[in-house]
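K.L.:
The following comprises the amino acid sequence and a computationally predicted model.
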Amino acid sequence: MRARRVLAVLLLGAALTAVPAGPAAADDPVRVEAESLAIVSATAPVEAQADCCGVSWSGGRQLWLRAGRAGDSVTLTLPSVPAGQYDLGAVLTRAGDYGTLRFAVDGVAVGQLFDGYAGSVQRTGAQPLGSASLAAGTHRLTITVTGRSGASTGFFAGLDTVSLRRVGPLAAVTTTPYELLGETPARGGLTRVYDPSVGESTNWYYNDHTLVRHEQTGVWHLFGITHAEPGAPQDEKVFGHATAPTPTGPWTKRPVALVADSRAGEQWIWAPHVVHHNGVYYMYYAAGSSDYSRYRMHLATSTDMFTWTRSPANPLFTDGWEARDPMVTRVGDRWVMYYTATSGASGGNHIVAYRTSTDLRTWSARATAYTSPYVGQAGGQTESPYVVRRGDWWYLFVCCDGTDYGAAYRRTAVYRSRDPLRFDGAEKVTVLDAHAAEVVVDGSNWFISHAGWGQGGLWLAPLTWSTGPVARGYTVTTGFLRADVRTWPNTRIAELAVDPAGGGNYRRALDSSHRGTGPYLAVGRFDVTDRAGAPARVDVSADGSRINLVGIPFGDEPVTADWLLTVAPRWSGSGLQSDVTWSVNGWPTAAVWEVAFNLDGASPMVGDTEVEARPTGDVTGMPRWTMSTGDGLSLVAVHRWGSAWRGDNTWYDAGHAMAAWQPLWRNGGLSWGPGQYAGGTWRMVASGVRRDVPFADTAHAAINAVP
């Protein structure tokens, strides 16, 4: 074999040049007749079939697996090769009684599905089988019949030749399983601790509320929306007030704390929250009016919590739709106010917005901590946000979980994140029975509150925390990349950090700021309806360079996916290759709108071959590559052309630098029949140059080269 002509400067620095050099010359491929390979094992008859049916195979014969069912396989011994990273290829046969095939090297999958069906017997051209890092010596290739297309009458497989082309040095990969421990909250039994109807002639309710302890006296104070039943949000004009020696009572009713003042722009007032700082108590609340796109956030202050004075700075800011339910906590050297809003002033995705302050009076521009996949106005899935810290984790409590607001009214979802400002992509750890929940801490005792329309006042329940596993997965590391491959409770690339120079000085390139990176389904509507659950099995190659996540479920749909992640060859180092194969095991519960693979970029913008920064929206078809880019970094996802069974659409989310590659995209949905579907091959590689188009084009050519 010809020695590789690779310069050290190319290995270490090609990605840092403005116009990178192309791939170094690969070794000449090793090509062998498939029928000459030693058979290790087979579950069905295997023979060397001579030319027939109008087809001439190389050497006049092919290896013919006369499979009789899905699951039949044959394992062959590959020729001995020097150590290195290899692209594998083959010339195969298609015919009317041939099945679909998957390939594996040393027991772990490589590449994509191959559909062996054709209306007549055909010898294919060279087909890519996948990539593998091979130590010196012999290795085993397994060909498994996974099923057949609807038109095929059999499960046969035919293999004419096999090729191995060395395209890089042996990958130096460290793949380590991990388990993260954390706490999960649970709610005890509810006890009604305060009934605002006492002393009234009819039943009254409390809704959004706050409990706070006076620092000097130790007396607890309760403030909240209060009104006679039934619920009348546009007539909620007072904040009730009560005091007690402990959060569990007994509570004493006090005169109202604050009354809406129309002269101050307050037609109604909602959702007080109180914090203490330097002897002053700060009450934040929403001042509502008929202009739902410009709700006012107001402040009143007090030193005794009986007399409150509105701030002359009101409104602190305006926001919509119905921006309300403030909650303020200390994070590091600044204060953070969380509140519910929508992505646009007139509606959109329900979000938990936040602003920061150093003085509790002036607040930054809006940012987003969490985005619900659901859209609308008014009440949604991000009401009453409340954030608390437990050790290294932050927990977001948010109501109301579900699309049926009546049923979801008492469902508070809890999300967990290590970053208090980033809950997008975080696991939902539990759902608690509570509305407008506040977390109350009294010494070592933790409580969760509950109130609302028709609930009969304020209720408290013990909030207990149990420690256990909260995430499992694998950390994959080379000098060029570090990937967090999450396998439980949901499957995704939680983070990918890269160093184009290969020195281990990583910069974050993918994150979980919204959907995360991985496959998803949209059934019955747009957007993610069914996320990737935990795989039934995880196969890891001996050297750690391939992880195959087998049998990933998607909600309650009769659909699974196998997701193969490969530390793949690149002329200047390693990238991460993704191959998804879909299995539809029955008819989905509704029409399928999206079958997609999503990339969640960490850079400021996302674009493609035509546009550096795509606005949010759809672009018909699939480009050669997408690029998440910013100063000094480009993460390129290049597409092996034709590797997906179809290529309908690419959806871009500018706010999250996100691109969703959608082989299936149909407005109104599509009936997706049972079968197996090649979901596509993408390779993620990085350059140290902003908007590095020559690099991206070269990477695309490399992944599309025929072995």
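P.N.:
Perfect, thanks for sending it.
K.L.:
going forward, measure contacts and count neighbours with C-alpha atoms only.
P.N.:
Will do.
K.L.:
how far away is the residue nearest the centre of the chain from residue 387?
P.N.:
The centroid of the chain falls nearest to residue 516 when counting by Cα atoms, centre = their mean (2.2 Å). Here the criterion is Cα to Cα, to the nearest Å. By it, residue 516 lies 22 Å from residue 387.
K.L.:
what pairs with the helix or strand residue 606 falls within, and is each one parallel or antiparallel?
P.N.:
Assigned by DSSP states H and E, residue 606 belongs to strand 605-608. Under the criterion DSSP bridges, strand 605-608 sits next to strand 625-630 (antiparallel) in its sheet.
K.L.:
what is the mean pLDDT for the helix or strand following the partner strand?
P.N.:
Once strand 625-630 ends, the next helix or strand along the chain (criterion: DSSP H and E) is strand 633-639. For strand 633-639, mean pLDDT rounds to 96.
K.L.:
How about residues contacting the following helix or strand past strand 633-639?
P.N.:
The helix or strand immediately downstream of strand 633-639 is strand 649-653, counting by DSSP H and E. Identification of contacts with strand 649-653 by Cα atoms under 8 Å, 6 or more residues apart in numbering yields 606, 614-623, 658-665.
K.L.:
Just the buried ones from the residues you listed?
P.N.:
The neighbour-count test (16 or more other Cα atoms under 10 Å) applied to those identifies 606, 614-616, 621-623, 658-665 as buried.
K.L.:
Kindly indicate which of those residues lies nearest residue 356.
P.N.:
residue 658 (25.4 Å; Cα to Cα).
K.L.:
did I read that right, residue 171 in a helix?
P.N.:
No - per DSSP: H, G, I helix; E, B strand; the rest coil, residue 171 lies outside any helix segment and is coil.
K.L.:
can you count the residues close to residue 94?
P.N.:
With neighbours defined by other Cα atoms under 10 Å, the count for residue 94 comes to 23.
K.L.:
What of residue 265?
P.N.:
When neighbours are counted by other Cα under 10 Å, residue 265 comes out with 17.
K.L.:
Would you confirm that it contacts residue 291?
P.N.:
No - Residue 265 lies out of contact with residue 291 (Cα atoms under 8 Å); the separation is 10.8 Å.
K.L.:
one step back: next step: the contacts of strand 649-653 restricted to strands.
P.N.:
Among the contacts of strand 649-653, the members found in strands (DSSP state E) are 606, 617-620, 658-665.
K.L.:
how near is residue 637 to residue 594?
P.N.:
Counting by Cα to Cα, the gap from residue 637 to residue 594 is 20 Å.
K.L.:
nope, residue 289 is what I was after
P.N.:
Applying Cα to Cα to residue 289 and residue 594 gives a distance of 39 Å.
K.L.:
So which of the two has more stuff around it?
P.N.:
Between residue 289 and residue 594, counted using other Cα under 10 Å, the more crowded position is residue 594 (28 against 18).
K.L.:
And the pLDDT at the more buried one?
P.N.:
98.
K.L.:
Show residues contacting the one helix or strand it maps to.
P.N.:
In this assignment (DSSP H and E), residue 594 forms part of strand 592-600. For strand 592-600, contacts defined as Cα under 8 Å, 6+ apart pick out 510-527, 656-672.
K.L.:
now the lengthiest helix in the chain, how far from the chain's geometric center?
P.N.:
Determined from DSSP state H, the single longest helix within the chain is helix 693-703. In terms of Cα atoms, centre = their mean, to the nearest Å, the centre of helix 693-703 is found 26 Å from the chain centre.
K.L.:
Going by contacts, tell me the helices and strands next to that helix.
P.N.:
If you count contacts as 3 or more Cα pairs under 8 Å, 6 or more residues apart in numbering; DSSP states H and E, helix 693-703 packs onto strand 633-639, strand 675-687.
K.L.:
Past the helix or strand bottoming out on mean pLDDT in the chain, which element shows up next along the chain?
P.N.:
Least confident element among the helices and strands of the chain, by mean pLDDT, DSSP states H and E: helix 8-13 (a mean of 26). For helix 8-13, the following helix or strand on the C-terminal side (DSSP H and E) is strand 30-33.
K.L.:
average model confidence for stretch 203-217?
P.N.:
For stretch 203-217, the per-residue pLDDT averages 98.
K.L.:
Please identify the buried residues of it?
P.N.:
Neighbour-count burial for stretch 203-217 [16+ other Cα under 10 Å]: 203, 204, 205, 206, 207, 208, 209, 210, 211, 212, 213.
K.L.:
what's the spacing between the closest residue to residue 310 other than its chain neighbours and residue 267?
P.N.:
Closest residue to residue 310 apart from its sequence neighbours, by Cα to Cα, 6 or more residues apart in numbering: residue 300 at 4.1 Å. Residue 300 sits 16 Å away from residue 267, going by Cα to Cα.
K.L.:
residue at max distance from the center of this protein?
P.N.:
Of all residues in the chain (Cα atoms, centre = their mean), residue 201 lies farthest out, 51.6 Å.
K.L.:
Show the contacting residues for residue 414.
P.N.:
395, 396, 397, 398, 428, 429, 430, 431, 432.
K.L.:
so after the helix or strand hosting it, what's the next helix or strand?
P.N.:
Using DSSP H and E, the element containing residue 414 is strand 411-417. Per DSSP H and E, the first helix or strand lying C-terminal to strand 411-417 is strand 428-433.
K.L.:
so where's this structure uncertain?
P.N.:
For the chain, applying pLDDT under 70 flags the ranges 1-26, 571-572.
K.L.:
at 80 what do you get?
P.N.:
1-27, 373, 379, 403, 405, 425, 427, 513-514, 569-573 (pLDDT under 80).
K.L.:
which one's the longest strand in it?
P.N.:
strand 458-477.
K.L.:
which of the residues in that one are buried?
P.N.:
458-463, 470-477.
K.L.:
same question, stretch 166-176
P.N.:
166, 167, 168, 169, 170, 171, 173, 175.
K.L.:
Adding distance to residue 358, write those residues out as TSV.
P.N.:
Compiled in TSV, the buried residues of stretch 166-176 are given as follows (distance: Cα to Cα, whole Å):
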residue	distance to residue 358
166	57
167	54
168	52
169	52
170	52
171	48
173	45
175	42
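K.L.:
need the strands for the stretch 201-350 of the chain, in chain order.
P.N.:
Under the criterion DSSP state E, counting those that start in this stretch, the stretch 201-350 of the chain contains strands at 204-213, 220-228, 238-244, 252-259, 268-277, 280-288, 295-302, 309-310, 317-319, 324-331, 334-344, 347-357.
K.L.:
Show me what counts as buried in the longest helix of the chain.
P.N.:
Applying 16+ other Cα under 10 Å to helix 693-703 flags 693, 695, 696, 697, 698, 699, 700, 701, 702, 703 as buried.
K.L.:
So the third one sits against residue 638, correct?
P.N.:
Right, the one you point to is residue 696. Yes - with contact defined as Cα under 8 Å, residue 696 reaches residue 638; the gap is 7.2 Å.
K.L.:
what is in contact with the two at once?
P.N.:
residue 625.
K.L.:
re the thing from before, which residues does the residue lying closest to the residue nearest to the centre of the chain once chain neighbours are set aside bridge with?
P.N.:
Take residue 516 and drop its neighbours on the chain: the residue closest to it by Cα to Cα, 6+ apart is residue 600, 5.2 Å away. Beta-bridge partners for residue 600, by DSSP bridges, are residue 658.
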